[in-house]
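Undergrad: sequence unknown, structure follows:
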Ligand SMILES: [Zn+2]
């Protein structure tokens, strides 16, 4: 079996993906006809032009626009169907997805507690009908400031108290990195850590390596989203390697937002792997970047100069650095993935 064929067939794990951006273009156009959020966008071509961005800030603006299209249970049900379809198409059997309450709170179409309840209901439905597992990470956005983040932390804590069976397992720091340092979120993440949440942070996506150090030391991040700028500071690379902190690499996303990378071939992923930093492979925002998990692995294999053995190691890293319990990680790899690799 070729590596491309193995990539498409092997059961996979994805750990950095914003669930609103897993919506299909069909769903977005349908909801846009209903609500008229994106002006003059009526077909796939117009949507493709609209999502073309050159900076992270433009991309975040697009993401906020997408969030304006989801206003009730029915809209979120379309999104859940798209998430399921994405998982089936890409053979993703376990997914840790970000859900983003800040804009939901601002818009006020759905109360944040109801937003969590809707996601939990959708996750339960998918898990009961299909052999898939989804865990949710609440993304606190730097774009809305620390007060909003603390408020969101309190809301999610109170939601979990009343819904202990929730799929929510962690908190993330996302949003605009420039001008919004992780140190501003120290109190929020300290409180979140004391509560027992898993913690992750986007960092080094459009700010230098110092942003990664802050995310690790001040927000206790267990994984770093992107971390691309680590390549400019060997001390930071050493810190990631020695502390066994994985990078959630999203190559297409980095190429789109153009901060440190202009194409697949000059992404530092190969150098990170060579240095011994744990690397995972993810899509970030599939519909906004026109990608999916199979394509990410295939393009990395084709354009980043990595051999098949390394691609298999990357597939395993996504399992090993997920927040699944250890016995489930072992079972996932041994019973679902290994037999396919043995037949390769
Ligand atoms: Zn992200």
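TA: Sure, I can see it. All figures in this text were calculated on a predicted structure; none of them were measured in a lab.

Undergrad: so which bits of the helix or strand where residue 119 lies are buried?
TA: Under the criterion of DSSP states H and E, residue 119 resides in helix 112-129. By 16 or more other Cβ atoms under 10 Å, the buried positions in helix 112-129 come out as 112, 115-120, 122-123, 126. From N, CA and C alone the C-beta is placed, and that goes for glycine too.

Undergrad: and that helix, what does it pack onto?
TA: Counting contacts by 3 or more Cβ pairs under 8 Å, 6 or more residues apart in numbering; DSSP states H and E, helix 112-129 packs against helix 73-89, strand 92-99, helix 101-107, strand 133-141, helix 145-162.

Undergrad: what helices or strands is the third one leaning on?
TA: Identification of packing neighbours for helix 101-107 by 3+ Cβ pairs under 8 Å, 6+ apart yields helix 56-67, helix 112-129, strand 133-141, helix 145-162.

Undergrad: flag every buried residue along it.
TA: Buried residues in helix 101-107 (16+ other Cβ under 10 Å): 101-105.

Undergrad: quick one on the thing from earlier: among the helices and strands packed on helix 112-129, which is nearest residue 14?
TA: Nearest of the helices and strands packed on helix 112-129 to residue 14, taken as Cβ to Cβ: strand 92-99 at 5.1 Å.

Undergrad: what residues does the closest one touch?
TA: Here strand 92-99 makes contact (Cβ atoms under 8 Å, 6 or more residues apart in numbering) with 11-20, 22, 83, 86-87, 115-116, 119, 131-139, 169-170, 172, 174, 293, 319, 322-324, 332, 336.

Undergrad: mean confidence (pLDDT) on it, please.
TA: Throughout strand 92-99, pLDDT has a mean value of 98.

Undergrad: got the angle between it and helix 145-162?
TA: Put simply, strand 92-99 runs at 130 degrees to helix 145-162, going by axes from the mean of the first three to the mean of the last three Cα atoms, to 10 degrees.

Undergrad: tell me which helix or strand of the chain sits lowest on mean pLDDT?
TA: Using mean pLDDT, DSSP states H and E, the weakest-scoring helix or strand in the chain turns out to be helix 44-51, at a mean of 88.

Undergrad: run the chain-centre distance for that one.
TA: Relative to its chain's centre, helix 44-51 lies at 22 Å (Cα atoms, centre = their mean, to the nearest Å).

Undergrad: repeat for stretch 241-259
TA: In terms of Cα atoms, centre = their mean, the centre of stretch 241-259 is set 11 Å apart from its chain centre.
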